[in-house]
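Trainee: Return atomic coordinates for the entry below.
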Amino acid sequence: MNMRLTSVALLLSSVFAASVYSTTTVASVPNAAELTAQVESKVIAWRRDLHQHPELSNREFRTSKVIEKHLKSLGLEVQTGIAHTGVVAILTGGNPGPLIGLRADMDALPVTEVVDLPFASKATDTYRNQTVGVMHACGHDTHVAMLMGVAENLVKVKDSLAGDVMFIFQPAEEGAPEGEQGGAELMLKQGLFAKRKPEQVFGMHVTSSMPTGMIGLRSGPAMASEDSFTIKVTGKQTHGSRPWSGVDPIVASAQIINSVQTIISRQVDITKAPAVVSFGAINGGIRSNIIPDEVELIGTIRTFDQDMRADIKVKLAQVAANAAKTVGATAVTVIQPGYPVTVNNPELVSKMRPVIASVVGDNMLIEPGLITGAEDFSYYALETPGMFFFLGVTPADQDINNVASNHSPAFYVDESALKVGVQTMTQIALTALSAAQ
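Mentor: Have a look, this model is predicted:
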């Protein structure tokens, strides 16, 4: 996931009292705990295998084969090659009912692992014309392994299900390589929901910012939209000893960077929803005594409201152009649209909150703060009611504030959390497809 998660202080700031999450009666369904106990060792083995053999976005060829083989062994109808390497399987229940979707992402990151594990990744690949290490530094290996376990659980009790399940194994959540399409958006473009759209879709993500087995679930906007931008600042090259003979795009860039800070602090209503505009790169010039013709600024926009998102894009281009003009330069802004806001359907969250609490306990279910990371699960949730939640994977004896975050080369998963994820997602599916509901 493009998951640059906020600090644990924010994430845990809204822990609800037990009275808020008091467990309500959950319909009588097959025992998810017993099913999960039978598959736990397999899930851990799958996770270790996938961790040792990570693959970058749109290159998940081995991963998709592992998934395909398992799903076919369960007797499921399997479709491959969606959005390059995506795998989709349909489980038909024993009784009529709704179709629900369960999604896991598959891709790894261009990160060189430093965790001392017997199954640590030694893989390399080419990324932006450079040889890089490859690592499941965001935990997508666990997502795949857990959903494979959920699939096995549900197949065992398929005759009791009142409805069907679509298992979605999605590539390129971290973003397709430059010049390519991928991820959830491409799966949908290629007809994932065309024949039959799920009535509900669920996703899960591991995070190091919560203790092992804790689950974070937030109603409404949960994760930010993400848009990238490039600002091309053009001046007139001249010798550094004679700046008056040219137009300095470096000074213009400094003006732009400072002026853009006023968009969030002075030009949008942040009581409606928070927003972030950040610069991540400044490229321009090659020598101390040459003022260049051009400077390129690169950054990101994060928002939780679609109207604010559109407004900030307009203001960014205006502010950049006006700031550059004050020193005689020009600035052209290009926005690269990214993932939409991830919104959890309030009714779905309200229904499933007590179901999750029945698995982990009231004290292990929290409502996290808004997360400024982005997730392309958001595309599914635009099509049908969706719910996306987080699973803690940091051992209880470690300081949450000091552990390596997702996307770090030191990212570590406590594998005892995997059974919690499998049981929780199994219970959600069983409840959604229970004839007693």
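Trainee: next SSE after the helix or strand bottoming out on mean pLDDT in the chain?
Mentor: Here the helix or strand of the chain ranked lowest by mean pLDDT, DSSP states H and E is helix 8-11, holding a mean of 39. Helices and strands here follow DSSP states H and E; after helix 8-11, the next one along the chain is helix 32-52.
Trainee: contacts for that following helix?
Mentor: The contact list for helix 32-52, computed with C-beta atoms under 8 Å, 6 or more residues apart in numbering, reads 63, 66, 70, 117, 119-123, 136, 141-142, 144-146, 148-149, 152-153, 156-157, 359, 413, 415, 418-419, 422-423, 426-427, 430. For every residue, glycine as well, the C-beta is placed using N, CA and C.
Trainee: Can you turn the buried part of those into a ChimeraX selection?
Mentor: Selection of the buried residues among the contacts of helix 32-52 in ChimeraX, burial being defined by 16 or more other C-beta atoms under 10 Å:
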select :63,66,70,121,123,136,141,142,144,145,146,148,149,152,153,157,359,413,415,418,419,422,423,426,427,430
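Trainee: Run through the helices of this structure in chain order.
Mentor: With DSSP state H as the criterion, the chain has helices at 8-11, 32-52, 61-73, 140-156, 183-189, 249-262, 306-325, 346-360, 377-383, 418-432.
Trainee: Just name whatever secondary elements the fifth one is in contact with.
Mentor: Spelled out, it's helix 183-189. Judged by 3 or more C-beta pairs under 8 Å, 6 or more residues apart in numbering; DSSP states H and E, the packing partners of helix 183-189 are strand 162-170, helix 377-383.
Trainee: Swap in 10 Å and give it another go.
Mentor: strand 77-82, strand 86-92, strand 95-105, strand 162-170, helix 377-383 (3 or more C-beta pairs under 10 Å, 6 or more residues apart in numbering; DSSP states H and E).
Trainee: which residue sits closest to Val359, ignoring its sequence neighbours?
Mentor: Thr424 (4.9 Å; C-beta to C-beta, 6 or more residues apart in numbering).
Trainee: Point out where the chain drops to low pLDDT.
Mentor: Applying pLDDT under 70 to the chain flags the ranges 1-29, 435-437.
Trainee: tell me the domain ranges of it?
Mentor: 32-221+341-434, 225-338 (the TED database).
Trainee: and those, which is most packed in?
Mentor: Per-stretch averages of neighbours, counted by mean count of other C-beta atoms under 10 Å, single out domain 32-221+341-434 among those, with a mean of 20.
Trainee: gap between that domain and the chain center?
Mentor: Relative to the chain's own centre, domain 32-221+341-434 is displaced by 10 Å; criterion: C-alpha atoms, centre = their mean, to the nearest Å.
Trainee: Next: stretch 330-350.
Mentor: Its chain's C-alpha centre and that of stretch 330-350 lie 12 Å apart, by C-alpha atoms, centre = their mean.
Trainee: Convert the C-alpha atoms of it to PDB, please.
Mentor: The C-alpha trace of stretch 330-350 is given here as PDB (Å, rounded to 0.1, in the frame of the first residue of the first chain):
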ATOM      1  CA  THR A 330       7.300  31.300 -15.100                       C
ATOM      2  CA  ALA A 331       6.000  28.200 -13.400                       C
ATOM      3  CA  VAL A 332       3.800  25.500 -15.000                       C
ATOM      4  CA  THR A 333       2.200  22.900 -12.700                       C
ATOM      5  CA  VAL A 334       1.300  19.400 -13.800                       C
ATOM      6  CA  ILE A 335      -0.800  17.200 -11.500                       C
ATOM      7  CA  GLN A 336      -0.600  13.400 -11.700                       C
ATOM      8  CA  PRO A 337      -3.900  12.200 -10.100                       C
ATOM      9  CA  GLY A 338      -3.400   9.400  -7.600                       C
ATOM     10  CA  TYR A 339      -5.700   7.300  -5.300                       C
ATOM     11  CA  PRO A 340      -9.000   8.700  -4.100                       C
ATOM     12  CA  VAL A 341      -9.900   9.000  -0.400                       C
ATOM     13  CA  THR A 342     -10.500   5.600   1.200                       C
ATOM     14  CA  VAL A 343     -14.000   5.900   2.700                       C
ATOM     15  CA  ASN A 344     -15.400   3.200   5.000                       C
ATOM     16  CA  ASN A 345     -19.100   2.800   4.600                       C
ATOM     17  CA  PRO A 346     -20.600   3.800   8.000                       C
ATOM     18  CA  GLU A 347     -23.400   1.200   8.000                       C
ATOM     19  CA  LEU A 348     -21.000  -1.500   7.100                       C
ATOM     20  CA  VAL A 349     -18.600  -0.400   9.900                       C
ATOM     21  CA  SER A 350     -21.500  -0.300  12.400                       C
END
